[in-house]
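**Student:** 3D, please:
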Amino acid sequence: MDLNADLGEGFGIWRLGDDEALLSLVTSANVACGFHGGDPSTMRRVCEGAARRGVAVGAQVGYRDLAGFGRRHIAYDFAELRDEVTYQLGALDAFCRLFRTRVRYLKPHGALYHAASTDESQAAAVVAAVSGYDAELPVLCLPGSTLAQLAVGAGLPVVAEAFADRAYLPNGALVPRGTPGAVITDPEQVAERAARMATERSVVAVDGTVIPCSVDSICVHGDTPGAVSAAELVRATLIDADITLAPFA
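**Tutor:** Numbering: from 1, shown residues only. Just a heads-up that it's a prediction; the model follows:
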């Protein structure tokens, strides 16, 4: 099982999350590419740290929305979104190459993640960007989403992920962030959910429904309160359950 987290989301003197601590716990790092968060120096620092620890680097591409942290929906023209995703991929890959590694997958961030799960135009723009940049680059996304379906149709590798620290609706979608209880902050509950995802291949929705959850990567958000404690406990719990942790890419 792969364990991923969103990293490098600070900007300038503003820091968000503990990148160094999380790099010692995860197997894949979704690195912000400067649009929703991150900046060149932060990207360089996180890529260097990931390379040193053998952590796979993924491009966490988002809307051009620093003020809203990429969590506000933006209606994009297909070509504009395709090109902005390509731009972010190339920028992060440049820093990876400085440390003899490369971008090994792509994962949308925030509002783009949710839009690409259902919006065919935005999902197609992401797929077009990845296909044009590297047709062998995996896309990390929700299983069964529009993005997953279009990526498979384009011949791209698709890796299904689940969120240990997010609540789920009965239909398998994430509970919107503005809803009370959407983000789970108790480390023990996060670890328990991760273990169930990895061993029973299921997750319990907010109404008690047990949802199938066959995934190859589990995400713990780096900006969630107590993220490091949660990631530590998730890692320890998975190892105790004889789950081998390794990057999927």
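
**Student:** use CA for all of it now, contacts and neighbours both
**Tutor:** Fine.

**Student:** tally of neighbours for Thr179?
**Tutor:** Thr179 sits with 9 neighbouring residues when counted by other Cα atoms under 10 Å.

**Student:** now it: phi and psi?
**Tutor:** Backbone torsions of Thr179, given as degrees, to the nearest 10, read phi -90, psi 130.

**Student:** and the helices in the chain?
**Tutor:** Along the chain, the segments classed as helices by DSSP state H run 19-23, 40-53, 78-98, 110-118, 120-133, 146-153, 187-199, 227-240.

**Student:** which one of the ones you listed lies nearest to Ile13?
**Tutor:** helix 40-53 (10.0 Å; Cα to Cα).

**Student:** can you list the buried residues in stretch 83-103?
**Tutor:** Within stretch 83-103, the residues scored as buried using 16 or more other Cα atoms under 10 Å are 84-96, 101-103.

**Student:** cool, stretch 36-44 as well?
**Tutor:** Residues 36-40, 42-44 are the ones in stretch 36-44 that count as buried (16+ other Cα under 10 Å).

**Student:** same thing with stretch 110-124?
**Tutor:** By neighbour count with 16+ other Cα under 10 Å, stretch 110-124 contains the buried residues 110-117, 120-124.

**Student:** what about that stretch, how long is it end to end?
**Tutor:** 17 Å (Cα to Cα, to the nearest Å).

**Student:** please apply the same query to stretch 152-160.
**Tutor:** Stretch 152-160 has its terminal residues 12 Å apart, counting by Cα to Cα.

**Student:** I'd say Leu150 and Ala123 touch.
**Tutor:** Yes: counting by Cα atoms under 8 Å, Leu150 touches Ala123, with 7.2 Å between them.

**Student:** surely Gln60 touches Cys33?
**Tutor:** Yes: contact criterion Cα under 8 Å: Gln60 and Cys33 qualify, at 6.4 Å.
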